[in-house]
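*Asks:* Provided below for reference: sequence and predicted model.
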Amino acid sequence: MEKLIFLVASIILSIAIVATRNVWTKQHVLKYGFVGVFLVNLLGNATLFFPAPSLAATFVAGSKLDPFSVGAVSAAGATIGESTGYMAGYGGQEFVSSRPVYQTIERWMARSGFLTLFLVAVMPNPFFDVAGTISGMMNYPYWKFLTAVFLGKLVKCTVLALLGRHVLR
């Protein structure tokens, strides 16, 4: 029953975030500063298999705020947001196991889960949700999941914020 609740909650949260994605514009991010950056990354990464504007928010915020702080705050929000994928995997695998990339990522996770999560988190790609969900399905330790994802997101978000600082000046 607990697994079904996690799965349903993750799907409902994803739908709600996609429905309200136009609320988080550049003006909102800059108006709310670090809190806005954190929330956009939290909500943007909490969606399952739907794109959200969190990378753009990090890029823009890096142009006006300290890029290293933006990177850290963005990574923290993104990491917590990615927990929805982990919870969905913990709750059930039916909607993930049919994806073609599933078996490849599952093999990588079985060999080196931490490195796989780090690399998939550090690169902008559409496969992180699959890796996060597989982590939950495999009962990969949650603290290791959070650590690997945070480190990967920290690198990616800091680089994006620094790019924003130099491109949007």
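*Replies:* Structure's in. What do you need?
*Asks:* so what does the helix or strand harbouring Gly33 touch, helix or strand wise?
*Replies:* With secondary structure defined by DSSP states H and E, Gly33 is part of helix 26-45. If you count contacts as 3 or more Cβ pairs under 8 Å, 6 or more residues apart in numbering; DSSP states H and E, helix 26-45 packs onto helix 54-64, helix 67-91. Heads up, the C-betas are built off the backbone N, CA and C, glycines and all.
*Asks:* cutoff 10 Å now
*Replies:* Using 3 or more Cβ pairs under 10 Å, 6 or more residues apart in numbering; DSSP states H and E, the elements in contact with helix 26-45 are helix 2-19, helix 54-64, helix 67-91, helix 128-137, helix 142-167.
*Asks:* out of these, which gets nearest to Gln103?
*Replies:* Set against Gln103 and scored by Cβ to Cβ, those come closest in helix 128-137, at 9.9 Å.
*Asks:* neighbours of the closest residue to Leu146 other than its chain neighbours, how many?
*Replies:* Setting aside the residues directly before and after it, Leu146 is nearest to Thr79 in space (Cβ to Cβ, 6 or more residues apart in numbering), at 5.9 Å. Residue neighbour count, defined by other Cβ atoms under 10 Å, stands at 24 for Thr79.
*Asks:* sounds good, over and out.
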